[in-house]
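1. Fold the stuff below for me.
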Amino acid sequence: MPSSFPLPGVVTTEREHRVPLVHADPSRGTITVFTRELAAPDGRDRPWLVFLQGGPGFEASRPSAPPSGWMARALADFRVLLLDQRGTGRSTPVGPRLPGATPAEQAEYLTHFRADAIVRDLECLRAELGIERWSLLGQSFGGFTALSYLSMAPEALREVMITGGLAPVDGRPVDDVYAATWARAREANARYHARYPGDRARLHALLQRLDAEDLRLPGGDRLTARRFRQLGLWLGSSTGFERLHHLLELPPDSPAFLWDVQQATGWERNPLYATLHESCYADGGSTRWSAHRLAPDEALHGDLLGGEHVFPWMWEEHGGLRAHRDAAHHLADHPWPRLYDPDRLARNEVPVAATVYVDDLYVERTFAEATARHVRGLRPWITNEYAHDGLRADGDRILTRLLDLVRGRA
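-> The predicted structure is shown next:
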């Protein structure tokens, strides 16, 4: 049964839904999917907007009270549905221990947690709630999921807004994606060192020290140079340059430094993020550790900080990922089915608007622009005003602009 309660500026309704683990085979049992509905006190009869969170493998944003940013703007027009993607948050979680007696069985279980399964979950929820059509707002991986929704069930959608999430939809090989992201990583590193030129020597000395010394994080894992290079993930956010600079100012053996690095490289909180990450780009075919295979030497042995890249060694060095190790290796060889229907997208009739961030570290701009041209009627907003996290940094303005575009007001 749903439970509702008022908070300052918003009425919240929480629901748990039962959906098939395998939509094509309901005999495999069910899992729980959790949703949180937000509505203005006078807006419970407004149309629905589903927010699709970034990831993969992250639960929905948790609202503040009163709501702020894009949520506050959305509530002026909509009642908002926040979805904890299957496997995350208050939905049936995917933790360190995976169902299945063998790594192959565990990997097979995880194949049911991609964007296509999330879309089918939402279709179950839409039928359960008696909703004819709803709108989507997809951030990053949420945008990928929105494109899958447009491919699978466009009749369910009133309008779609995407921020930093236009994935290639033409069956492009995953190696093309990761070759491009490594090029963007080089550019981001160059911009960082241009802003903070003194950090180049500091970073080099730190990485050499981490190769030579057994420096332990608070949780017990060794902090290696290759683990520290993963902090390049910060270079794709609006505040990331400053976060990295202020971290490099700290003594490497200080509690503050070690704690901050552990928090920043803590893939263990949401293990699906690491284990399924490359699969979200696999629009057909196997990934075979694409980011690792295409990594330049300076990203493996030098001073180049990576972006949103996963490597086989992570399932050894990150203690919280070790239980997924064998399943992750199976998934790297798994032949993934297509996520998008390019013919259907080319005939699309649903209004769509999307931001394309010029300096996006995670989603290649040229591929995003190609997708914008491919999806019939999609109106792109190409901007260098924001990084990949523009919705978090300036959500009111971005959502307002996307609404104006998708509704023909701009």
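2. Would you point out which residue is most central in the protein?
-> In the chain, the C-alpha nearest the mean C-alpha coordinate belongs to G55, at 2.1 Å (C-alpha atoms, centre = their mean).
3. That residue is in what secondary structure piece?
-> Remark: G55 resides in no helix or strand, with elements defined by DSSP states H and E.
4. give me every residue that touches the closest residue in space to it that isn't next to it in sequence.
-> Distances taken as C-beta to C-beta, 6 or more residues apart in numbering put F141 closest to G55, at 4.3 Å, once the chain neighbours are dropped. For every residue, glycine as well, the C-beta is placed using N, CA and C. Residues counted as contacts of F141 (C-beta atoms under 8 Å, 6 or more residues apart in numbering) are L52, Q53, G54, G55, P56, A115, G165, C280.
5. Show me just the buried residues among the residues you listed.
-> Neighbour-count burial (16 or more other C-beta atoms under 10 Å) applied to the contacts of F141 gives L52, Q53, G54, G55, P56, A115, G165, C280.
6. where's the residue nearest to G320 when sequence neighbours are not counted relative to R200, distance?
-> Take G320 and drop its neighbours on the chain: the residue closest to it by C-beta to C-beta, 6+ apart is E268, 2.5 Å away. Note on E268: its distance to R200, by C-beta to C-beta, to the nearest Å, is 30 Å.
7. These two: which has the busier surroundings?
-> Looking at E268 and R200 with other C-beta atoms under 10 Å, you find the greater number of neighbours at E268, namely 20 against 13.
8. what lines up beside the helix or strand of the chain with the lowest mean pLDDT in the sheet?
-> Taking mean pLDDT, DSSP states H and E as the measure, the helix or strand of the chain with the lowest value is strand 3-7, at a mean of 83. Each strand that strand 3-7 pairs with, and the sense of that pairing, follows from DSSP bridges: strand 10-20 (antiparallel).
9. packing partners for the very next helix or strand once past the partner strand?
-> Counting by DSSP H and E, the element after strand 10-20 in chain order, helix or strand, is strand 30-39. Counting contacts by 3 or more C-beta pairs under 8 Å, 6 or more residues apart in numbering; DSSP states H and E, strand 30-39 packs against strand 10-20, helix 69-75, strand 79-84, helix 115-129.
10. could I get these as TSV with mean pLDDT and distance to P99?
-> Supplementary listing: the helices and strands packed on strand 30-39 in TSV, determined by pLDDT from 0 to 100; distance: least, C-beta to C-beta, whole Å:
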stretch	mean pLDDT	distance to P99
strand 10-20	97	15
helix 69-75	97	34
strand 79-84	98	19
helix 115-129	98	15
